[in-house]
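Student: Sequence first, then the predicted structure:
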Amino acid sequence: MLFVMAFGLSLNSGIIYVVAGGRAVINGLLLRLALVALFQTFLSTVALVGLLQTPLASALVPPEVERWGIIAIALLVLGNLLSGQHRSILIGLQEIPRVNLINLYGQIIILGIIITIIGVVFVQGGRLTADLLIWVQVSGALGVVVLFSWGLKPWLTGSIRQESGLREVITYSLPSYLANMAQFLNYRLDIFFVGYFAGVTGVGLYSLAVGIAQLLWLVSGATSQVLFPDVAASTDRVSAQQRTARISRLSLWLSIILAGGVALSGNTLLPLVFGTAFEESVPALMWLLPGVTIFSVANVIGSYLAGIGKPHLNLAVALIGLIATIIFDFILIPWLGVVGAAIASSISYTTTTLAIVAIFTRETKITAEKVLIITIDDIYLIFSTIRKILRNWHAS
C-alpha cells in the first residue's frame, strides 16, 4: 500500500473529477490507465528490489520472502492500482451503491480465501507463512479487478482512439498527490517520532489509540466520497455549497455523539478487547478524540474543494497541518510520550480544520456558524430520513 500511494500519483482523484464532469471516454481512459498502472508497477518493483539491497530490507518485507514474494507484491500493487482506477470511474459516474457492493463482494472473496487456506493448513498440519498470506491478498485484489471490470461493462462505449481525458486526469492529480503525501505525513509522522522517543512499546500503544480514534472518520469519509463526484458534476454551485455546509455540520455532530460514546466506554472496552497491556493507550485515545472529531469537517470540505477543481487549496491546508504536527511533536513527545503525540495530533487536526473552514467561508461567503452548528431543519431531516428508512425496511 505504501508503493501504491507513492507511485499512484493520486490519479484516482483526477479520474473522479474528470469522469464526473463528463469529459472522459470510459473505455479509452481505462486502456490508457491500465498502461499507466503497468508502468507504475514496474517502478514500484524496481524500487522494492533496490530497497531490499539496503539495511531497510527487514523493515519492508518478512525475511522469508524470496523472489516469488517480490513478484506477488508487484502483482498486489498492480491489482490495487487497477481496482482503484475502476472504482474511481464508477464513483465519478456516481454509481456509489454499485461500488459499495463490489467492495463488499471483494472483502467476502478475500475472507473466503483466508478461511479456506486456514482450513487446508490446519488439516495438513502446516503453518501460515507470510508468502502464503501475500498470495491470498493478490488473489483477492485481482478478483476485485475482475468484479469492477464487470461492473463497468455498461459504460464501455465510444472509440478508444478518441481523446480519453487522461491528460486532464494527470494535470488535476499532481497537486492532489502532493496534498495526499503531506496529509499522509500529517497522519503518520507522529508514529515515527513516538518510535524514536518512546520506543516500540510506545508505537504499539499509540498506534492502537490512533486506529480506534480514526474509526470516527468512517462517517465523514463515506459522505465525502459521495460529495466529491456530486460537486464535480454539479452545475449549480450555490446548491453544492449549501449541501457541503449541511453535510459538514451533520458529520461533525454525528462524530461528536460517537466520540462521546468512545469516551464513556473506552476505559472499559479497550483493555477488555485488547488486553490490560494496552490500558496505557486509553489516555492517548482520549486526547485524540477532540481533534479527530473536528477533523470530520475538514474531510467533507476537502471533497468540495476537490470537486470545484481546486486541489491546490487542499495542499495548502495539508501543509499547515504538517507544520503544526512537526512543531508540536518535537515539543510534546519528549515530554509526555504517547499522550504528547495525541495532544500534538489533536492540535494539528484542529489547526487544519480551522484553516479549511476559513478557506471555505472565503470561497462561498457561507459563515463558519453554518458549517459547524446544527440547525432545527437538520434535526427534522435526520428524523424524517430515519422514518423513511424504517418504512422502507418494514415494506421490504
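Tutor: Received, thanks. Numbering: from 1, shown residues only.

Student: Looks like Ile359 contacts Leu305 (just checking).
Tutor: Yes: counting by C-beta atoms under 8 Å, Ile359 does reach Leu305; the two are 7.2 Å apart. For glycine as for every other residue, the C-beta is placed from the backbone atoms N, C-alpha and C.

Student: The two - which one has more neighbours?
Tutor: Leu305 (24 against 18; other C-beta atoms under 10 Å).

Student: returning to what we had before: can you list residues touching both of Ile359 and Leu305?
Tutor: Residues within reach of Ile359 and of Leu305 at once, by C-beta atoms under 8 Å, 6 or more residues apart in numbering, are Leu313.

Student: The nearest residue in space to Leu11 that is not next to it in sequence and Asn80, how far apart?
Tutor: In space, and not counting its chain neighbours, Leu11 is closest to Ser173: 4.9 Å by C-beta to C-beta, 6 or more residues apart in numbering. For Ser173, the distance to Asn80 (C-beta to C-beta, to the nearest Å) stands at 16 Å.

Student: do Ser10 as well
Tutor: From Ser10 over to Asn80 the distance is 14 Å, taken as C-beta to C-beta.

Student: ok, longest helix in the chain?
Tutor: Counting by DSSP state H, the longest helix found in the chain is helix 166-213.

Student: what is the mean pLDDT for the helix or strand following that one?
Tutor: Note on helix 166-213: by DSSP states H and E, the next helix or strand toward the C-terminus is helix 217-233. Mean pLDDT, helix 217-233: 85.

Student: Tell me which residues are up against helix 217-233.
Tutor: By C-beta under 8 Å, 6+ apart, helix 217-233 touches 13, 16-17, 19-22, 91-94, 96, 240, 243-244, 247, 250-251, 254-255, 258, 292, 295-297, 299-300, 302-304, 306-309.

Student: now the angle from whichever helix or strand comes after that helix to helix 166-213?
Tutor: Using DSSP H and E, the helix or strand that directly follows helix 217-233 along the chain is helix 237-274. Inter-element angle recorded for helix 237-274 and helix 166-213: 40 degrees (by axes from the mean of the first three to the mean of the last three C-alpha atoms, to 10 degrees).

Student: quick one: average pLDDT of the next helix or strand after helix 237-274?
Tutor: Remark: after helix 237-274, the chain's next helix or strand is helix 281-307, criterion DSSP H and E. In this model, helix 281-307 has an average pLDDT of 90.

Student: now for helix 281-307, which elements pack on it?
Tutor: Helices and strands touching helix 281-307, as assessed by 3 or more C-beta pairs under 8 Å, 6 or more residues apart in numbering; DSSP states H and E, comprise helix 11-20, helix 166-213, helix 217-233, helix 237-274, helix 311-336, helix 338-364, helix 368-372.

Student: and the residue nearest to Leu11, what is it in contact with?
Tutor: With C-beta under 8 Å, 6+ apart, Ser173 has these contacts: 9-14.

Student: Of those, which is the most crowded?
Tutor: Neighbour counts for the contacts of Ser173 peak at Gly14, which has 27 neighbours (criterion: other C-beta under 10 Å).

Student: What residues does that one make contact with?
Tutor: With C-beta under 8 Å, 6+ apart, Gly14 has these contacts: 168-173, 176.

Student: Arg246 too?
Tutor: Contact analysis of Arg246 by C-beta under 8 Å, 6+ apart lists 378, 381.

Student: Any figure for the gap between it and Leu38?
Tutor: 42 Å.

Student: With Phe184 instead?
Tutor: Phe184 is 24 Å from Leu38, where distance means C-beta to C-beta.

Student: Please say which of these two ends up with more neighbours.
Tutor: Of the pair Phe184 and Leu38, Phe184 is the one with more neighbours under other C-beta under 10 Å, namely 15 against 12.

Student: Pull up the gap between that one and Leu30, please.
Tutor: Look at Phe184 and Leu30: by C-beta to C-beta, they are 27 Å apart.

Student: try Gly211
Tutor: Distance, Gly211 to Leu30, using C-beta to C-beta: 34 Å.

Student: Comparing those two, which residue is more hemmed in?
Tutor: Between Gly211 and Leu30, counting by other C-beta under 10 Å, Leu30 is the more crowded of the two (21 against 11).

Student: quick one: stretch 220-235 to chain centroid distance?
Tutor: Chain-centre distance of stretch 220-235: 14 Å, with C-alpha atoms, centre = their mean, to the nearest Å.

Student: what comes up buried for it?
Tutor: Buried residues in stretch 220-235, counted by 16 or more other C-beta atoms under 10 Å: 220-221, 223-225, 227-234.

Student: so what's the closest residue to Phe278 other than its chain neighbours up against?
Tutor: Nearest residue to Phe278, sequence neighbours excluded (C-beta to C-beta, 6+ apart): Leu208, at 5.7 Å. Contacts for Leu208 (C-beta under 8 Å, 6+ apart) come out as 270, 274, 278, 281.

Student: which two in those are spaced the farthest apart?
Tutor: Farthest pair in these (C-beta to C-beta) is Phe274 and Ser281. Separation: 7.6 Å.

Student: between those two, who's got more neighbours?
Tutor: With neighbours defined as other C-beta under 10 Å, Phe274 and Ser281 compare such that Ser281 has more, 25 against 14.

Student: Is it correct that the more buried one is in contact with Asn267?
Tutor: No: the pair Ser281 / Asn267 is not scored as a contact, 10.5 Å apart, by C-beta under 8 Å.

Student: Quick one: neighbours of the nearest residue to Ile320 once chain neighbours are set aside, just the number.
Tutor: Of all residues not flanking Ile320 in the chain, Ala355 sits nearest, at 4.9 Å (C-beta to C-beta, 6+ apart). Using other C-beta under 10 Å, Ala355 has 19 neighbouring residues.

Student: Let me know the distance separating Ala355 from Ile347.
Tutor: Counting by C-beta to C-beta - Ala355 and Ile347 are separated by 13 Å.
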